[in-house]
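Trainee: could you work out the structure for the sequence below:
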Amino acid sequence: MLLTGSNTMLLNSFVVALHQEFDIKDLGFLHYFLVTCTTNGLLLSQSTYALDIIKRAQMEGRKPMNTQISPKYKHLDDVTPFHDPTHYHSLVGALQYLTFTRPDLSFSVNFVLQFMHSPMQGHYQLVNRIIRYVHGTITFGLHMCKQSTLNLYGFSDFDWADIVVRNLMGHTQKRIDRFKDTRRSTSGFCKFLGSNIISWSAKKQASISRSSSEAEYKSMANATVELLWLSYLLHDLGILQNRPPLLLSDNQSALHMVANPVFHARGKHIEIDYHFVRENVQQGQLRTRHLPSKLQMADIFTKPLDKPTYEFIRHKLSLIPQHNLRKGVKNTEIVESPPCKESPAKNKIVQSPPCKERSAENEIINKTTQIKEITRQNANQLICVK
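Mentor: Prediction:
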């Protein structure tokens, strides 16, 4: 909660009244400003906090990175125990707080969080790569567009049996055991209200999935719980939905299990999740639909991606850079142009022509400068004659 006002005594009395009613903690003065107004909405950015993380890691002069984790996990080759686990805990904890406005960091930060108990040198190198990525995208923030619909929908995806284990195949068993992989799948989802992302998650599942259909169905069950909770919250706030929320998935087997009540052959061991999702679909509280894998927005929460795919999904999540205008420049406006092949940039800064008053003022200044220069030259000539 942020309190502001011109009367200090009134603010102090209000804080005292809150202490008497609730168990709260006064954090003192404001250190970071999160929200920036734009021409068509709000931009949530933690750029100042991200800069503090970079300084804490002493990586101001390092080369920025375009992605966080390599799809081949090359940074995990070094299994030497890291000499300063406290420093590792500090950096990873700071990155976890940064994910509040940076959903693109969720998967990588969740991954390095799994090794807090015994970090290796390879894990610390991966943390450094994440910080270098933050350094390269330090002006990025989460954009909330004000001209949007209020339709609620979400994307659900999974990574079966953990891609890290599959990438470690061919290495020694000792190296695999060092990373303590449990073969549990990774679930990821994101929820949108119109064009604005409002909820996201990336974490390991609670148990091992014996098939990809089971892993996807568990992910769909978790996403269904979140969607229903958001729909109830919107209803309590007076925001009514014209139709049930929509859940999008790229796994056809899991979608067939929702639609076909007889399709039990590969789903007997996931009966609870199966009946939970199917019951909500039958009651009209949820809709499901298939979408192509290349349009799956939840991929960024479950696995490392190549640069083009990563940047495409990041843009779709409304993560855009903040425009840094020169201090003191006036008559400048930000004009949003529709994306096209000729101009892939989304936003363009257009300098408006100077006004007549400013032109007249500049002309007077120029004439005054010319008169001073002529007077100085005449004075120099008189000195030479004497």
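Trainee: from now on I want contacts and neighbour counts done on CA atoms only, so please keep to that.
Mentor: Noted.
Trainee: can you give me the domain boundaries for this structure?
Mentor: 151-249+251-290, 352-386 (automatic domain parsing).
Trainee: residues in a beta bridge with residue 202, which ones?
Mentor: Counting by DSSP bridges, residue 202 forms beta bridges with residue 188.
Trainee: measure it to residue 58 for me?
Mentor: 28 Å (C-alpha to C-alpha, to the nearest Å).
Trainee: quick one, which of the two is more surrounded?
Mentor: residue 202 (26 against 10; other C-alpha atoms under 10 Å).
Trainee: what's residue 193 in contact with, if anything?
Mentor: 149, 150, 151, 152, 153 (C-alpha atoms under 8 Å, 6 or more residues apart in numbering).
Trainee: just the buried ones from those residues, in PyMOL syntax?
Mentor: Buried residues within the contacts of residue 193, by 16 or more other C-alpha atoms under 10 Å, are selected in PyMOL with:
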select buried, resi 150+151+152+153
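Trainee: buried sites along the helix or strand harbouring residue 228?
Mentor: Using DSSP states H and E, residue 228 sits within helix 212-236. For helix 212-236, burial by neighbour count (16+ other C-alpha under 10 Å) applies to 212-224, 226-228, 230-231.
Trainee: helices and strands around it, which ones?
Mentor: strand 152-159, strand 186-193, strand 246-249, helix 252-259, helix 271-282 (3 or more C-alpha pairs under 8 Å, 6 or more residues apart in numbering; DSSP states H and E).
Trainee: take those and write them to TSV, including mean pLDDT.
Mentor: Converted to TSV, the helices and strands packed on helix 212-236 look like this (pLDDT from 0 to 100):
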stretch	mean pLDDT
strand 152-159	90
strand 186-193	90
strand 246-249	92
helix 252-259	78
helix 271-282	76
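Trainee: let me know which of the ones you listed is the nearest to residue 240.
Mentor: strand 152-159 (10.3 Å; C-alpha to C-alpha).
Trainee: starting from that closest one, tell me which strands it pairs with and how they run.
Mentor: strand 186-193 (antiparallel), strand 246-249 (parallel).
Trainee: dump these into CSV; add distance to residue 144 as well.
Mentor: Converted to CSV, the strands paired with strand 152-159 look like this (distance: least, C-alpha to C-alpha, whole Å):
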stretch, distance to residue 144
strand 186-193, 10
strand 246-249, 20
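Trainee: tell me the most buried of these?
Mentor: Most buried of those, by mean neighbour count (mean count of other C-alpha atoms under 10 Å): strand 186-193, with a mean of 26.
Trainee: considering the domains of the chain, which stretch scores lowest in mean pLDDT?
Mentor: The weakest mean pLDDT among the domains of the chain belongs to domain 352-386, with a mean of 51.
Trainee: re the thing from before, angle of the helix holding residue 228 against strand 152-159?
Mentor: 160 degrees (axes from the mean of the first three to the mean of the last three C-alpha atoms, to 10 degrees).
Trainee: and the angle for helix 212-236 with helix 252-259?
Mentor: Going by the same axes, to 10 degrees, helix 212-236 makes 60 degrees with helix 252-259.
Trainee: residues in contact with helix 212-236?
Mentor: 152-160, 185, 187-189, 191, 205, 209, 240-241, 245, 247, 249, 251, 253-254, 266-267, 270, 273-274, 276-277, 285-286.
Trainee: residue 110 is nearest to which of the helices and strands packed on helix 212-236?
Mentor: Using C-alpha to C-alpha, these put strand 186-193 closest to residue 110, at 10.1 Å.
Trainee: report the backbone C-alpha coordinates of stretch 224-240 in CSV.
Mentor: The C-alpha trace of stretch 224-240 is given here as CSV (Å, rounded to 0.1, in the frame of the first residue of the first chain):
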residue,chain,number,x,y,z
THR,A,224,-8.5,-24.4,-15.0
VAL,A,225,-8.3,-23.6,-11.3
GLU,A,226,-6.7,-20.3,-12.0
LEU,A,227,-9.2,-19.4,-14.7
LEU,A,228,-12.2,-20.2,-12.6
TRP,A,229,-10.8,-18.2,-9.7
LEU,A,230,-10.2,-15.2,-11.9
SER,A,231,-13.7,-15.4,-13.3
TYR,A,232,-15.2,-15.5,-9.8
LEU,A,233,-13.0,-12.5,-8.9
LEU,A,234,-14.2,-10.5,-11.9
HIS,A,235,-17.8,-11.4,-11.1
ASP,A,236,-17.3,-10.0,-7.6
LEU,A,237,-15.9,-6.8,-9.0
GLY,A,238,-18.9,-6.4,-11.2
ILE,A,239,-17.1,-7.3,-14.5
LEU,A,240,-19.4,-9.8,-16.1
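Trainee: now that stretch, how far from the centre of its chain.
Mentor: 22 Å (C-alpha atoms, centre = their mean, to the nearest Å).
Trainee: now swap in stretch 276-283 and tell me
Mentor: On C-alpha atoms, centre = their mean, the centre of stretch 276-283 falls 31 Å from that of its chain.
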